[in-house]
Structure formats: C-alpha cells, structure tokens
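**Q** just a sequence and a predicted model for now, questions to come.
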Amino acid sequence: MKEATFSISLIRNSVQYAAAVHGIDTNRLCAAAGIDPSLLTMPDSYVSGETNLALWHEVVKQTGDADIGLHMGEKFNLSVIGIVGYVLFNCQTFGQVLDKLSRYMCLFSQGVSMHYNVSRGQVVCEWEIVNHLKNYLVEEPRQPIEASFSALLTAAKTLTGKSLCPREVWFQYNSPDNISEHQRIFEAPVYFSQSKNQLVFDAACLEWAVISANPSLLLAFEQHAQAMLSALSNENTYSYQVVREITHNLKGEVPSIELIARSLTISVRNLQRELQTEGTSYQQLLDNTRKELALRYLKKPDTSIHDVAFLLGFSEPSAFHRAFKRWTGQTPRAYFSS
C-alpha cells in the first residue's frame, strides 16, 4: 500500500515552534524523531507519515504540552504551506479560500482532505482522514487535526480581519482528560467520539472579503499550484515510483521486479497488475530507464562506453551496443559523433 506523505515545511514548522516557544534544542529534537536536520532546508521535500508521527510524539514529550497542536495552530503563518498559502492570500472571499484549500491541500498533506457543504445557513467543513493510503492519521489523528482546526481560525483572522466563530466542533477521537484549551480556542460546544472531524460555522462567513485579494497574483500563483498538482499526480503512479527505484538500484546490476516490489511494499503480482492498469510493464520501464540513463551518461565526455554498459547492468559492451542501436538506430559512438 502506498503511504501518505507530508511536506517538510510542516516538519520544519513544528521544530521551529518547539524551539522558539519552549526552548527545545532543534538537533536533539530531530535526532530523537529520526530526522536528518539538513532536510529542514529542502523546501520541496516530503516525509513519510511515520516520520511525522515520530516528531509529534517527541514534540509532545519534550515540551510537555499535550495541547501543542491547538497552540501551534494559534501561531499559524500561511507561508508554512508554501504556494498554497500564496494562493489563499490572493483569493477574493473566504469562501474562495476554502475552495482553493480543498483543491490544493494535498500539496502539503496527503493524509487528510478537506471539503465543505452549505446547508440551512451553516457551513459544515470536514477534514476527512485518507484511508486508501498507509496513513498514521488513521490511528493517531489528534495533534494534526487540532492544529488544522486551530490554524483555520488563525488564517481566517489573518486573511479577512474577522474572527471565525464556530457553532460546533466535532472530533472523531476520544476526549482528552482536560478540554479547557479546546473550549478557550473554539468558544463553542466541542464534541468527541463523533463520526467526523468537522467545524460548523455561519454561512455568511463565506462572503467575507480577503484583505490582500489580488486576482492577477491569484492567477499566477494558481498556475504554479496547478503545475505542482499535475506533477504530484504523476509521482503517485506506480510507473513513476518503479522508474525511481530502478534508477536508484541500477548500479552495475539489473534490479529484479521482486526487489522493486519489496521496496514499494507491494507483491509482485499486484505491482504487475498496477503497471498493466497504467498501460506499461516492468520490462518496458526498465528498458526505457536504461535508455534515458545511457543518453545522460554518454553526454559526459569523461565517461567511457564500457563504463556506461557496466553501470546499466549489461553483461558486456556488445550487449549494450545492440540495445543502444535498438533504441536509437545507431551505435553509441555514431550517435554522439553525428
């Protein structure tokens, strides 16, 4: 089963909050959670749910704050969610903010989806935990869900200058021993052990104007967000993941489909079925990957044909020559001298 991933910016935000508010040592916190601190400087990286969960555990443990998700949400800055934050800044109304957030949330979190509906003058805004992926939120949703709810209130104030006042707040998990912080932040009835995670508020809020609205900038930022969404869709295919694993493992020996399937935590039969659904096969992907790598390697003037043949897992240079001629219609030497 594929695993939900989360933007490194969320990890960085948690680490920076713990350091700034509680004086927690960043390197010590990262080490305890099994995070390489250098990842925090890589804005386009994603981490697994397992890593995110480990960090939440350590943040709660080292700060001693059982309500840290709520408190982080109170300090939320839209820049944390990158391009999505810039899209939201330039929306025209709070209703449009919710529309765009629902559309682009997967760019920073694949573990939860947000959608809303309007009925009888009320907005029911639901955070639905994704269960078709391997997702730690299925078992331990509390901190990230509470951070999300609290952050939405903070974002509404930032964007519109108005306070979003829920009528009701629902959580799927059991009530913690002390809910005084929930009551302080939401100022509304808070219910636990419910069927959904949702905020309910007045539909008039959807018409609130966004202070920083700019249609031209919205168009530009949304084009960027849409391109990222398309790229993410490609990355979620098994074809993309197989090519990535082949490239990583193709170092003088051809990786077997069994090895690739193990690395993707899927059976060989199911992997073959998924690739067939995507209109390809393991052998096709392997062949295409070897071709692309061959063209890339041979552009380097200090790389010999013999070395390229070895790197691509060919038993001898003559086998590589035959494959290259099949790919391009020419020998390697003739291809790059033409």
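**A** Right, received. Where do you want to start? Since this is a predicted model, take the numbers as computed values, not measurements.

**Q** using CSV, write out every CA atom in the helix or strand hosting residue 144.
**A** Assigned by DSSP states H and E, residue 144 belongs to helix 142-160. These are the backbone C-alpha positions of helix 142-160, laid out as CSV (Å, rounded to 0.1, in the frame of the first residue of the first chain):
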residue,chain,number,x,y,z
ARG,A,142,-5.4,14.2,17.4
GLN,A,143,-2.5,16.7,17.2
PRO,A,144,-2.5,17.3,13.4
ILE,A,145,-6.3,17.6,13.3
GLU,A,146,-6.4,20.0,16.2
ALA,A,147,-3.6,22.0,14.7
SER,A,148,-5.6,22.2,11.4
PHE,A,149,-8.8,23.4,13.1
SER,A,150,-7.0,26.0,15.2
ALA,A,151,-4.9,27.1,12.2
LEU,A,152,-8.1,27.7,10.1
LEU,A,153,-9.4,30.2,12.7
THR,A,154,-6.0,31.9,12.7
ALA,A,155,-5.9,32.0,8.9
ALA,A,156,-9.4,33.5,8.7
LYS,A,157,-8.4,36.3,11.0
THR,A,158,-5.2,36.9,9.0
LEU,A,159,-7.0,36.9,5.7
THR,A,160,-10.2,38.8,6.5
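
**Q** packing partners of it?
**A** On a contact count with 3 or more C-beta pairs under 8 Å, 6 or more residues apart in numbering; DSSP states H and E, helix 142-160 meets helix 49-63, helix 68-74, helix 83-89, helix 94-104, strand 112-119, strand 122-129, helix 180-186, strand 197-202. C-betas here are computed from N, CA, C, even on glycine.

**Q** need the next SSE after it, C-terminal direction.
**A** From helix 142-160, the next helix or strand downstream (DSSP H and E) is strand 168-170.

**Q** how far is that following strand from where the chain is centred?
**A** 26 Å (C-alpha atoms, centre = their mean, to the nearest Å).

**Q** and it, what does it pack onto?
**A** strand 190-191, strand 197-202.

**Q** show me how the record splits this structure into domains.
**A** As assigned by automatic domain parsing, the chain contains the domains 5-231, 237-337.
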